[in-house]
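**Q** requesting a structural model of the entry that follows:
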Amino acid sequence: MEKTLTITVSDGTFSAYVAKPKSGSGPIVVLLQEAFGVNAGIRYTAGEIAKEGFVTVCPDLYWRVAPGIELSDHIESETRQAFEIYDQLDIGKAVDDVYATVEVARPLSSTHKVGVMGFCLGGLLTTLMSARHPVDAAVSYYGGGTERYVDELGRVKGPLLMHLAGNDEYMAPAAQKKIQAALSGCPLVEIDTYPQRQHAFARHGGDHYNAADASLAKQRTVDFFREYLVT
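**A** Next up is the predicted model:
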């Protein structure tokens with residue numbers, strides 16, 4: 001089941017795509033986009049998470065710059081456009097938008113708990129959300145640029161699961177070590193590394209998609225959310 005949720009913030013209103021499980025209810029997972037908007041790939045992932053029993057909410061984080069835009073990672077001109085929009089994104093406001101989405105969605109949660117997960121851009125925002133705002137559980141997939149915010153990572157207090165790609169072309173080994181060191185004192189943080197994988201290894205239909213490790217990461221994600229959101 002699908003619907004749209006509307007979120008109002010101080011400078012405007014934006015929408016969020018919602019995928020529901022067959023039961024129609026469950027804990028909430030706020031799913032954050034990659035650089036390409038809330039496109040078919042993100043909606044597919046939302047459907048997969050919904051099948052696991054979670055109401056999945058995908059906010060349009062590009063609403064101030066290019067509302068409703070959906071881009072493809074398989075079309076060169078659209079990939080360029082995605083990164084141009086990404087460069088215009090105010091990261092601080094985007095994190096605040098995620099927090100607003102969490103607060104709007106929370107009353108809809110069957111357990112009153114909300115998790116956040118995201119890929120690349122969404123992975124960065126997920127980690128920052130975990131450091132800046134209360135969140136019941138957070139899962140970050142290869143959050144590009146996370147190493148630029150290491151001064152904030154020690155503030156993570158809630159459960160955070162990170163999936164890192166060992167051969168990530170957007171996150172060098174030195175950057176990954178920097179992130180791991182910054183989070184080493186956070187007892188509720190788990191970091192799983194997939195040694196042979198490149199960036200976006202869990203993007204269904206992507207050039208670097210790896211079915212085995214994507215499936216493993218998904219199962220770890222679902223188990224993590226069930227631990228922290230279901231009861």
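
**Q** in space, what's closest to residue 124 - neighbours in sequence excluded?
**A** In this structure, residue 124 finds its nearest non-sequential neighbour in residue 143, 3.9 Å apart by C-beta to C-beta, 6 or more residues apart in numbering. Quick note: C-beta positions are derived from backbone N, CA and C, even for glycine.

**Q** what sits against residue 110?
**A** 25, 26, 27 (C-beta atoms under 8 Å, 6 or more residues apart in numbering).

**Q** again with residue 167
**A** 195, 196, 197, 198.

**Q** what about the residue nearest to residue 124, neighbour count?
**A** The criterion is other C-beta atoms under 10 Å. On that basis, residue 143 has 26 neighbouring residues.

**Q** separation between it and residue 160?
**A** Per C-beta to C-beta, to the nearest Å, residue 143 is found 11 Å from residue 160.

**Q** got the end-to-end distance for stretch 20-35?
**A** Terminal residues of stretch 20-35 lie 24 Å apart, using C-alpha to C-alpha, to the nearest Å.

**Q** for the record, mean pLDDT for that stretch?
**A** In this model, stretch 20-35 has a mean pLDDT of 97.

**Q** ok, the residue nearest to residue 124 touching residue 129?
**A** No - the pair residue 143 / residue 129 is not scored as a contact, 10.7 Å apart, by C-beta atoms under 8 Å.

**Q** returning to that earlier point: show me what contacts the residue nearest to residue 124?
**A** Taking C-beta under 8 Å, 6+ apart as the test, what residue 143 contacts is 118, 120, 121, 122, 123, 124, 125, 126, 127, 162.

**Q** does it count as helix, strand or coil?
**A** Three-state assignment for residue 143 (DSSP: H, G, I helix; E, B strand; the rest coil): coil.

**Q** which residues of this protein score low on pLDDT?
**A** Within the chain, the segments meeting pLDDT under 70 span 1-2.

**Q** go with 50
**A** Across the chain, nothing is flagged by pLDDT under 50.

**Q** show me where it has its helices.
**A** 40-51, 76-88, 91-105, 121-132, 150-153, 173-183, 211-229 (DSSP state H).

**Q** distance of residue 54 relative to residue 140?
**A** Distance, residue 54 to residue 140, by C-beta to C-beta: 17 Å.

**Q** pull out the buried positions in stretch 131-141.
**A** 131, 132, 133, 135, 136, 137, 138, 139, 140, 141 (16 or more other C-beta atoms under 10 Å).

**Q** Serialize these to TSV and add fields for distance to residue 221.
**A** Below are the buried residues of stretch 131-141 laid out as TSV (distance: C-beta to C-beta, whole Å):
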residue	distance to residue 221
131	19
132	21
133	20
135	15
136	14
137	10
138	10
139	5
140	10
141	8
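
**Q** which ones among these are found in strands?
**A** Here DSSP state E is the test, and the buried residues of stretch 131-141 give 137, 138, 139, 140, 141 as lying in strands.
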